Structures are given as structure tokens and as C-alpha cells.
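1. sequence and predicted structure, then a few things I'm wondering about:
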Amino acid sequence: MNDTTTDRTSLSAALAELMEDYARAIDRDELERWPDFFETKCIYKVTNRENVAAGYPIGVIYANSRAMLQDRVMSLRDANIYEDQCYRHLLGRPFITHTDGDTVHAETSFLVMRTMQDGVTSVFATGSYHDVLSVTTERIRFVERIVVCDSARIDTLMALPL
Amino acid sequence: MISSEQNVWPAGDVTRVPFWIYTDDEIYRKEQESIYLGPVWNYLCLEAEIPKSGDYCTAFVGDMPVVVTRGPDGGVNAFENRCSHRGSLLALKQRGNAKDFVCVYHAWRHDIKGNLLSVAFSRGVNGEGGMPPDFNVCNHGPRKLRVTTLGGLVFGTLSDETPPIEEYLGEPILARLNRVLRNKPLRIYGGYTQVLKHNWKLYFENIKDSYHSSILHTFFATFKVSRLSQGGGLIVSDSGAHHCSYSLVHQGGADKEFDQEKLRSNMEQEFKLQDKSLLEVEDEFNDDTRAQAVTIFPGFVLQTVHNTIAVRHIQPKGPNETHLKWTMIGFEDDSERLQDMRMKQANLAGPAGFVSMEDGAIGGFVRRGSAAADKESTVVLMGGMSTSSSNSRATEGAIRGFWKAYRSYLGI
Ligand code: FES
Ligand SMILES: [Fe+2]
């Protein structure tokens, strides 16, 4: 990939579009689309700043294959019990930290509001996506998506992914 | 909130629990005094959080903020996180390393064990002001806790009457704890805090409730991994305060009772995980036990599910809020395979856990359901009226044990 300004601008736009689509899939309850944003071998992890600072590897959610993400969707649909709820992702612009051939490293801020059955909307999570993406002319996919929440606190439960 | 003065415990026993016990402000205040500051062992932290001399972390004993430190002698100390002058916090960060604790407000200085060492400007300035001549730093200082450690866990108490922890727990509970901890150096894998919008007792009951697990949590049953019908047992300490429930590996075979109950988890459709590695298990304790929960009154849980090991600390934050602080652990000598399994299986526990996410919500459902039920009671009759151990987990014996102990601490 040539690191010319136009390339970078179009890459940045392509990433932003991907991030928006990812957020739409979750916010519009199209969870079945969620695993498709990832490579078959991938890392998806939700953790927090405290764990990252202390070097602790575990997160609230962890998957190292797309199949595990599909299993999570199936479990949410068929096994787990939780109150109906919806998220609203508000995303910052993806910041490309560096590129390495077809691999792009980017960080994107997020704010997720959650609305529960009683109509209360509250800030559920804020933080930053730390992404490694594989980019080809046809598509962009996550090789790794580490979701670093600013707070270690989670209200009640985290059913839907961030 | 109706004051508890107008409320009396329903006649007789611990098979009925009045709903006002979960919301009453006066009860909350009494619990702070009679339980948390009383003759109990409060979980504080893991030794692995403060490995080196001068390391400290902050913790809670009920509402009381506490600092836990590692002294130069290697011993663990704990004292109230409150300046002996006018009450400011002494430690502001959650963890760190310190030589001493100097209060930011007026610079009163405390050593690593919480002793007051010196007072800024105690002689005054230019011969004016200063502390009275008979002021002695030895007579001042934040409250100190008596500390005990057990297999890498740190507990503290403010009462001289709390018996040694081995006696406090009793042999059977101690054995189930040691089965996991084995005095091996612990490794911390990570943590998070789940905020529950309901009383702490609803959560403690939930863990002691071995009856609900394969009904409310359908993940294992849906994927045909585990059921109430598999072998296991429930141990309740003599005091009733502590418990252990455990289940053995599923032996297969007919689940007649399950079929008859037509539970959600018994759907016709066959569900299969696409990535089965999540359900691989290493029998690391060599006893075919697949899941175990040990509780220590008033707020500690050690849970193992397959190869995930979680410490949960139940922290009351007022009558209607509870913080559940999770620390996921393993051992320093974990093999690479075991490390991978703990990473993956962490998906079973916590606020997003396949097997435990429901526990975060259920107490809120109870709180909302019982909002107008101050004069009503719960029914705790499953498995009879006793608080004794049993081979069946279709019992609420450990919940009755909890209320037996709770009532004796509160004198109600
Ligand atoms: S409150 Fe700590 S020195 Fe005054
Ligand atoms: Fe549960």
C-alpha cells in the first residue's frame, strides 16, 4: 500500500465506514452479521484500562475464533436470559496508528448508550477499540479487536457485545 | 423506607424471609455495625496484589474504606483508609507502593502499618499555634484490622472476638477451599466490577441457591453439558454462615425429571457449539468435580467452573446497590494449555458469562417484583426446613443456613 495522502484518506474513509457498519449491526439487532466482520482466526476481547495497565490478560469477553463469536450469538439468542435492551454506538474517527503491508492498526473511540425495558437510557460504556485489520481491495476484516473500556465497572450485565 | 422497628421477623424459622429485610435503611446500618465491623472475617484482597514490601491496595469492609499493605517484615497489615486528623482518605489510588502515608490535607504522616508518626507544624509556626504539649501520636491513628491469610487470600476483622479462620469456617468448608487453593502461589488473570442495583443479600442468596442453577442458567443444559441430575452435593457449615456446593462430571443417562418439567433448556432442537474448545476441561484437581462454589460469610465467593477460577467480593453500597468485584485467578505454575483454557473459559463467568450473566439481573427482577411487598415474605422450603448438608442440590438449605447465621449476628 502506498502511503500517499490520497490513499490514506480513502483508507481512513473505508475504515470509518466499516466501523459504522459494525456498530449498526449491533445497534439494529443484526447480531448474526457481527461475526462476519472478523477473520476466521481472530481475537475479540472486551477488557478495561485497569487490566491493560496491570498487564492482566483476561477480559469480560474473549474469543480467538470467528466460530466462538457465532457461538456467543447463538447463546444470546437461545440460551441466555436477559432483559431486552438496545445499544447506541457513537464512534470517533478511526485513527490509523500504523500500517504494515495489508495490515492496518487503528484506534477508534466509542460511547455506548444502553436503553432498557423501562425506557431508561444511560451511558453503558466508553472506551477505545484497538484494532488490527486486514485490508484487501474487496473487503476489510478484523484480525484483532480489543475493546478497552475506560471503567472496570459494568452495570448489571453485558449481554450484547460492544 | 419503613423502619425495621415496625417490622418483625415472621414467626418461627428461616423458611420465610420478609421482604423489608432487603430494603430497610435501619437494617443496613445495623448490618454495618453487627456484621462487617463485628466478629466476622471480611475478604480484603489477594496476597498476589501486594507481593512486595511497601505494596498496598485499597479495599472495603462494608462501608469502611481500608488500606491493605505489605510490610518490610513480609507481613500483611490492614487499617482504615481514614486520616486520624479530620478523616480524609490516606490512600487515594487503588494500588501502589509507598514508604508511608502522608495525608494530602494537612500532611499528617502514617507508617505502612497505619500508625500515626508525625503531625505537621505540631510545634506551631514562629512560636504560635501548634498542638497541645500532651498530644501523643501514639494515641491517635486510624482503626487497625486483625489480618489473617489463607491460601493467598487476605481477610481482616475489627473484632477481638472473631475466632481463628480455620475455626470460623469449620473443617468441611476449609477442605473445599484448600482443594482449589492448595497453598500454591496465585496468578491474577484480570478483573472487573459488576454493579448490581439491589441489596447484597439477594446476591448472596443467589450463590447459595443450588436449586436455580440449571433452571435459570440454560447454557450448559442447552449445550448438554451439565444438569441438576448429575452427582454433587451441598455442604453447609454448622453456623449456617458458609457453604459449598459442587457438581461432578456429567455421567450421561436419562434425565427423567428434566423431561417432565418441560424446562426451557430441554428444547427439541439440538444445539451444538461451533468451537468446542470452549468446553474442553482439564481435571486439574483430579476429583471429577466440574463446578464448585464456596462462600464465606459475609461476602466472599470462590467459584470454579471447569478451569475458570473466580474470586468474587460482594460489597454493599447502600440498601439498594451492591458491587460485585471479580478477580479471575489461576496459579503461577499454570501450563500454557491451562493458561489458554482459563482465557477462553473466562467467557463462562462474569457479567458477560454464558453461565452467570443471569445472576446479575435476577436480583433486580426480585427487587422490582417485590417493590410493594414489605409485609410479605419469600418461601424457602425447598429440601425441607433444615440447614444441613445434603447430597442433593435441589434444596435451599444453604439459604436457610445464611439466614440462621444472619439473624444471630443481628439479634433479630
Ligand atoms: S485530615 Fe489528614 S492531615 Fe488533616
Ligand atoms: Fe446463578
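-> Thanks, I have the structure now. Ligands and ions are numbered 1, 2, ... in the order given.
2. closest residue of the stretch 151-300 of chain B to ligand 1?
-> At 21.0 Å from ligand 1, B:Leu158 is the closest residue in the stretch 151-300 of chain B, using CB to the nearest ligand atom. In short, each C-beta sits where N, CA and C put it, glycine included.
3. and what of chain A?
-> Counting by CB to the nearest ligand atom, chain A gets nearest ligand 1 through A:Glu50, at 26.8 Å.
4. doesn't that residue belong to a helix?
-> Yes. Counting by DSSP: H, G, I helix; E, B strand; the rest coil, A:Glu50 is located in a helix.
5. contacting residues for it?
-> A:Tyr56, A:Ala152, B:Gln94, B:Gly191 (CB atoms under 8 Å, 6 or more residues apart in numbering or on different chains).
6. how close does it sit to B:Ile188?
-> 11 Å (CB to CB, to the nearest Å).
7. what sits in contact with each of those two?
-> Common neighbours of A:Glu50 and B:Ile188 (CB under 8 Å, 6+ apart) are A:Tyr56.
8. just the element for the closest residue to chain A within the stretch 51-200 of chain B, please.
-> Residue nearest to chain A within the stretch 51-200 of chain B: B:Gly190 (3.2 Å; CB to the nearest CB). Counting by DSSP states H and E, the element that carries B:Gly190 is strand B:186-196.
9. and that strand, average pLDDT?
-> Averaging pLDDT along strand B:186-196 gives 98.
10. buried residues, it. List them.
-> Using 16 or more other CB atoms under 10 Å in any protein chain shown as the test for burial, strand B:186-196 gives B:Leu186, B:Arg187, B:Ile188, B:Tyr189, B:Gly190, B:Gly191, B:Tyr192, B:Thr193, B:Gln194, B:Val195, B:Leu196.
11. and the residue lying closest to B:Asn7 once chain neighbours are set aside, how far from B:Asp374?
-> Using CB to CB, 6 or more residues apart in numbering or on different chains and skipping the chain neighbours, the partner closest in space to B:Asn7 is B:Trp20 (4.8 Å). For B:Trp20, the distance to B:Asp374 (CB to CB) stands at 5 Å.
12. again, but for A:Asp29
-> For A:Asp29, the distance to B:Asp374 equals 38 Å [CB to CB].
13. higher neighbour count, the two?
-> B:Asp374 (17 against 12; other CB atoms under 10 Å in any protein chain shown).
14. list the contacts for the residue nearest the centre of chain B?
-> The residue lying closest to the centre of chain B (CA atoms, centre = their mean) is B:Phe300, at 2.3 Å. By CB under 8 Å, 6+ apart, the contact list for B:Phe300 reads B:Tyr43, B:Leu153, B:Phe155, B:Val311, B:Arg312, B:His313, B:Ile314.
15. quick one: the helices in the stretch 301-412 of chain B, in order.
-> For the stretch 301-412 of chain B, helices defined by DSSP state H, counting those that start in this stretch occupy the ranges B:336-345, B:357-369, B:397-410.
16. ok, chain A next?
-> Along chain A, counting by DSSP state H, helices occupy A:5-27, A:49-54, A:66-78.
17. which of those helices has the lowest average pLDDT?
-> It's helix A:5-27: among the helices of chain A, that one has the lowest mean pLDDT, namely a mean of 93.
18. buried sites along it?
-> By 16+ other CB under 10 Å, the buried positions in helix A:5-27 come out as A:Leu11, A:Ser12, A:Ala14, A:Leu15, A:Ala16, A:Leu18, A:Met19, A:Tyr22, A:Ala23, A:Ala25, A:Ile26, A:Asp27.
19. okay, now the unreliable bits of chain A?
-> Applying pLDDT under 70 to chain A picks out residues A:1-4.
20. in space, what's closest to whatever residue of it ends up closest to chain B - neighbours in sequence excluded?
-> Proximity of chain A to chain B (CB to the nearest CB) peaks at A:Ile58, 3.2 Å away. In this structure, A:Ile58 finds its nearest non-sequential neighbour in B:Gly190, 3.2 Å apart by CB to CB, 6+ apart.
21. my guess is that neighbour contacts A:Thr47. True?
-> Yes. Applying CB atoms under 8 Å as the test, B:Gly190 and A:Thr47 come out as touching, 6.9 Å apart.
22. what is in contact with those two at once?
-> Taking CB under 8 Å, 6+ apart as the criterion, B:Gly190 and A:Thr47 both touch A:Ile58, A:Gly59.
23. now the strand ranked longest in chain A, how far from the centre of its chain.
-> Criterion DSSP state E: the longest strand present in chain A is strand A:121-135. Between the centre of strand A:121-135 and the centre of its host chain there is 5 Å, according to CA atoms, centre = their mean, to the nearest Å.
24. do stretch A:148-162 as well
-> Averaged C-alpha coordinates place stretch A:148-162 at 12 Å from its chain's average position (CA atoms, centre = their mean).
25. in it, what counts as buried?
-> Neighbour-count burial for stretch A:148-162, with 16+ other CB under 10 Å as criterion, is recorded at A:148-149, A:151-152, A:154-162.
26. likewise for stretch B:297-314?
-> B:297-314.
27. and ligand 1, which of the residues you listed reach it?
-> Among the buried residues of stretch B:297-314, proximity to ligand 1 is found for none (CB under 6 Å from any ligand atom).
28. what's the closest non-adjacent residue to residue 54?
-> No chain specified, so I'll use chain A. Nearest non-adjacent residue to A:Ala54, counting by CB to CB, 6+ apart: B:Ile188, 7.5 Å away.
29. my bad, chain B
-> Once flanking residues are discounted, B:Gly54 sits nearest to B:Asn97: 4.6 Å by CB to CB, 6+ apart.
30. pretty sure the one you found sits against B:Glu49.
-> No. The pair B:Asn97 / B:Glu49 is not scored as a contact, 11.8 Å apart, by CB under 8 Å.
31. intersection of neighbour lists for those two?
-> B:Asp55.
32. which ones are touching B:Pro65?
-> B:Thr58, B:Ala59, B:Glu80, B:Asn81, B:Arg82, B:Leu89.
33. near chain A at all, the helix or strand hosting the first one?
-> In this assignment (DSSP H and E), B:Thr58 forms part of strand B:55-61. No. Taking CB under 8 Å from any CB of the partner chain as the criterion, strand B:55-61 and chain A are apart, separated by no less than 11.0 Å.
34. using CSV, write out every CA atom in that strand.
-> Extracted in CSV, the C-alpha atoms of strand B:55-61 (Å, rounded to 0.1, in the frame of the first residue of the first chain):
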residue,chain,number,x,y,z
ASP,B,55,2.9,-2.6,48.1
TYR,B,56,-0.6,-1.5,49.0
CYS,B,57,-4.1,-1.8,47.7
THR,B,58,-7.4,-0.4,48.8
ALA,B,59,-10.4,-2.5,49.9
PHE,B,60,-13.7,-2.3,51.7
VAL,B,61,-15.1,-3.7,54.9
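35. other SSEs contacting that strand?
-> If you count contacts as 3 or more CB pairs under 8 Å, 6 or more residues apart in numbering or on different chains; DSSP states H and E, strand B:55-61 packs onto strand B:42-46, strand B:64-70, strand B:95-97.
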